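# what would the 3D arrangement of this be:
(one chain, ligands or ions: 2)
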Amino acid sequence: MAWKTLDDMAMAGKVVLVRVDINVPMEAGRVTDTTRIDKIRPTVEDIIARGGKVVLLAHFDRPKGKVVPEMSLAHVAGAVEKSLGRKVVFVSDCVGDAAAAAIANAGPGEVVLLENTRFHPGEEANDAGLAGRMAALGQVYVNDAFSAAHRAHASTEGLARLLPAAAGRLMEAELRALEAALGSPQRPVVAVVGGAKVSTKIELLANLVTKVDHLVIGGGMANTFLVAEGIEVGRSLAERDMAETAREIIRKAQGAGCAIHLPVDVVVAREFKAGAASEVVGVRDCPMDAMILDAGPKTVTAIEAVFAGCSTLIWNGPLGAFEIAPFDAATTAAARAAARLTKAGKLISVAGGGDTVAALNQAGAAGDFTFISTAGGAFLEWMEGKDLPGVAALMG
Ligand code: ADP
Ligand code: MG
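Ligands and ions are numbered 1, 2, ... in the order given. Just a heads-up that it's a prediction; the model follows:
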């Protein structure tokens, strides 16, 4: 790997600026889910064990370059203190004399949390002056915010170019998992791409067909591919103006030796609501007044067979409208099959995407996947084959 880890850095007696993602959900001034905070603990503990002083840099929400009191990281400081089990000193600016003084005064094992980097317009503009003022506060930079790595901001990109830089433990785990899934994977590789629309995932599909051996297409976007093949889908969600794009992706896949798997049977209903009557029909038999809301059991069996013949799985997007039963059935069954194969040591499975992670959790399958990415946009941009500026800057 071209990027450095904590193991490569000398930290004893040094101030380590650590970019983290603690953009946690809050309700009525209280943090409702501390997962993101809990996940920075290994990096913080490791740096302290190596004799470094930890200074946390983070954004919170979207203040757009202005001081917005409701978006202050002061509201999160208590939760950070509790999760880390260490004293946290909060400073109301991420640069300047107050920050420098607080860092100098922090005792051994204490953590300094600096105010929302996005209170400065220079953060999102990746302003060199702001990055320089951040760099002046420490001697080493660690980026543990993979989920913010698709943005070239002062605290994610500019700063990494000014100090000796390394990936934190969380970033390291994410990069290793992604490398194992698409970088230099064990073949054959199958990708599952589902979700609502083709239009939001064109680049992702176009990149994947050049990299994987099998592409399973599900969800609403499969309907667009069916339309592209001349199959009627009734009142289903389908982007008919994307049919030519879908055909291009099919041609690209053929050229690259990637087998595309579309549904062979589907679950249809007249209404998308709990308890609506539904039936399984052949993929060519969707009634004109019905909607395709899930893949059928024959399709699931075919998907399981593809999984069984592959060594690596990468998954983004549910196979059906999983939020309402029974339209979660295909996603749940396929997720459990992947989980079983992974548990048996036969499959490396990586999944990401907001709804995907929710669906895999709902299926009780997420825990058995090799890696679940919670990075959202950064995960999708990586699946699209894009260079992530925050990662590129660590390459030195
Ligand atoms: P992710 O957040 O994991 O990237 P997407 O946002 O692309 O996933 O897709 C998830 C959405 O796709 C869900 O809201 C789901 O209901 C919807 N969806 C999946 N299949 C269908 C379908 N056949 N018809 C309508 N919506 C669908
Ligand atoms: Mg989504």
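# which helices and strands sit right next to the helix or strand hosting A98?
Counting by DSSP states H and E, the element that carries A98 is helix 97-105. If you count contacts as 3 or more C-beta pairs under 8 Å, 6 or more residues apart in numbering; DSSP states H and E, helix 97-105 packs onto strand 88-91, strand 111-114. The way it works is simple: take the backbone N, C-alpha and C, and place the C-beta from them, glycine included.
# any idea which of those is most buried?
For those, the largest average neighbour count (mean count of other C-beta atoms under 10 Å) is found in strand 111-114, namely a mean of 24.
# list the neighbouring strands of that one plus their orientation.
Here strand 111-114 is paired, per DSSP bridges, with strand 53-57 (parallel), strand 88-91 (parallel).
# quote the end-to-end distance of stretch 337-352.
Stretch 337-352 has an end-to-end distance of 17 Å (C-alpha to C-alpha, to the nearest Å).
# in that stretch, what's buried?
Residues A337, A338, A339, R340, L341, T342, L347, I348, S349, V350, A351, G352 are the ones in stretch 337-352 that count as buried (16 or more other C-beta atoms under 10 Å).
# equivalent analysis for stretch 35-44, please.
Applying 16+ other C-beta under 10 Å to stretch 35-44 flags R36, I37, D38, K39, I40, R41, P42, T43, V44 as buried.
# run a quick neighbour tally on K386.
Counted with other C-beta atoms under 10 Å, residues neighbouring K386 total 14.
# closest to ligand 2 out of the buried residues of stretch 35-44?
The closest of the buried residues of stretch 35-44 to ligand 2 turns out to be R36 (C-beta to the ion; 18.0 Å).
# the closest one and A359, how far apart?
20 Å (C-beta to C-beta, to the nearest Å).
# and for P25?
The gap separating P25 from A359 is 19 Å, by C-beta to C-beta.
# more neighbours: which of the two?
Neighbours of P25 and A359, each counted by other C-beta under 10 Å, are more numerous for A359; the result is 26 against 11.
# for that one, give me phi and psi.
phi -70, psi -40 (degrees, to the nearest 10).
# so who does it touch?
Residues in contact with A359 (C-beta atoms under 8 Å, 6 or more residues apart in numbering) are P318, F322, D328, T331, T332, A335.
# and the protein, which of its residues are near ligand 1?
By C-beta under 6 Å from any ligand atom, the part of the chain that sits against ligand 1 consists of 194-196, 219-220, 237, 292-293, 316-318, 320-321, 323, 353-356.
# cutoff 8 Å now
Residues of the chain found near ligand 1 (C-beta under 8 Å from any ligand atom) are 194-197, 200-201, 218-223, 236-237, 272, 291-294, 316-324, 327, 352-359, 380.
# out of the buried residues of stretch 337-352, which is nearest to G109?
The closest of these to G109 turns out to be G352 (C-beta to C-beta; 34.0 Å).
# surely L204 and W382 touch.
No: under the criterion of C-beta atoms under 8 Å, L204 makes no contact with W382, lying 9.7 Å away.
# between these two, which has more neighbouring residues?
Remark: of L204 and W382, W382 carries more neighbours, 26 against 22, as counted by other C-beta under 10 Å.
# does the more buried one touch G390 like I think?
No: the criterion here is C-beta under 8 Å, and W382 misses it with G390 at 11.0 Å.
# pretty sure V142 is in a strand, no?
Yes: according to DSSP: H, G, I helix; E, B strand; the rest coil, V142 belongs to a strand.
# do you know how far it is from ligand 1?
28 Å (C-beta to the nearest ligand atom, to the nearest Å).
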